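**Student:** Next input, structure requested:
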Amino acid sequence: MSVLKEFREFAVKGNVIDLAVGVIIGGAFGKIVDSLVADIIMPLVGMVFGKLDFSNLYVVLGTPPAGVANTLADLKKAGVPVLAYGNFITIAVNFVILAFIIFMMVKQINRLRNTEEAAPEAPAAPAEDIVLLREIRDSLNRR
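**Tutor:** Below you'll find the predicted structure:
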C-alpha cells in the first residue's frame with residue numbers, strides 16, 4: 001500500500017475529522033470564554049475588590065529608562081522586565097472557567113450515554129408459530 005493511500009484512509013476516518021472539528025470549535029469556544037472572563041467576570045471581580053484592574057497588576061524587575069511611563073504596556077515596549085501577575089490571574093480564571101464548562105459538558109454526555117446504555121431493549125416479538133398456538137388456545141378457552 002502506498003503512503004498516499006494510507007494517508008487518505010487515515011485522513012478520512014471519522015476520528016480524525018471529529019478531532020479537526022473539535023479543535024476548530026474549541027478555538028472558537030476559547031475566544032468566547034476569553035471574552036467572558038475579560039469583559040464580564042474580571043470587571044465584576046475588580047468592582048468587588050475596590051475597582052481593581054487585574055490586567056494592570058505588575059512588578060517592575062528592572063530599572064526603567066528615563067522618560068518611560070510607568071504603565072505595563074510602556075514598560076514592555078521599552079524592554080523593561082516586568083512580572084505581570086495580573087495577566088496570569090486573568091488567564092488562570094479563564095482556565096478554571098473553561099475547565100469547569102468542559103467538565104459539565106463531559107458529565108452531561110456521560111449521563112446521556114449511561115441513559116442510552118441502561119435503557120432496556122424491547123422484548124423480541126414471539127415467533128409466528130407461537131402466535132398461532134396462542135390464538136388457537138385462546139379460541140378454545142372462549143368456548
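**Student:** only C-alpha atoms for contact and neighbour calcs from this point on.
**Tutor:** OK.
**Student:** Where does the prediction get shaky in this protein?
**Tutor:** 1, 14, 51-53, 116-120, 143 (pLDDT under 70).
**Student:** Report the buried residues of the strand or helix carrying Gly46.
**Tutor:** Using DSSP states H and E, Gly46 falls within helix 42-48. For helix 42-48, burial by neighbour count (16 or more other Cα atoms under 10 Å) applies to Met42, Pro43, Leu44.
**Student:** Whatever helix or strand Ala99 lives in: what's the following helix or strand?
**Tutor:** Applying DSSP H and E as the criterion places Ala99 in helix 85-118. Once the chain leaves helix 85-118, the next helix or strand it forms, by DSSP H and E, is helix 128-141.
**Student:** With just CA atoms, put that following helix into PDB.
**Tutor:** In PDB, the C-alpha atoms belonging to helix 128-141 read as follows (Å, rounded to 0.1, in the frame of the first residue of the first chain):
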ATOM      1  CA  GLU A 128     -45.100 -16.900  14.200                       C
ATOM      2  CA  ASP A 129     -45.800 -20.400  15.300                       C
ATOM      3  CA  ILE A 130     -46.100 -19.300  19.000                       C
ATOM      4  CA  VAL A 131     -48.500 -16.600  18.000                       C
ATOM      5  CA  LEU A 132     -50.600 -19.100  16.100                       C
ATOM      6  CA  LEU A 133     -50.600 -21.600  19.000                       C
ATOM      7  CA  ARG A 134     -51.700 -18.800  21.400                       C
ATOM      8  CA  GLU A 135     -54.600 -17.900  19.100                       C
ATOM      9  CA  ILE A 136     -55.800 -21.500  19.000                       C
ATOM     10  CA  ARG A 137     -55.500 -21.700  22.800                       C
ATOM     11  CA  ASP A 138     -57.400 -18.500  23.300                       C
ATOM     12  CA  SER A 139     -60.200 -19.500  20.800                       C
ATOM     13  CA  LEU A 140     -60.600 -22.900  22.700                       C
ATOM     14  CA  ASN A 141     -60.800 -21.200  26.000                       C
END
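**Student:** Provide a list of residues in contact with the residue positioned nearest the centre of the chain.
**Tutor:** The chain has Ile102 as the residue nearest its centroid, 3.7 Å off, counting by Cα atoms, centre = their mean. Ile102 makes contact with no residue, according to Cα atoms under 8 Å, 6 or more residues apart in numbering.
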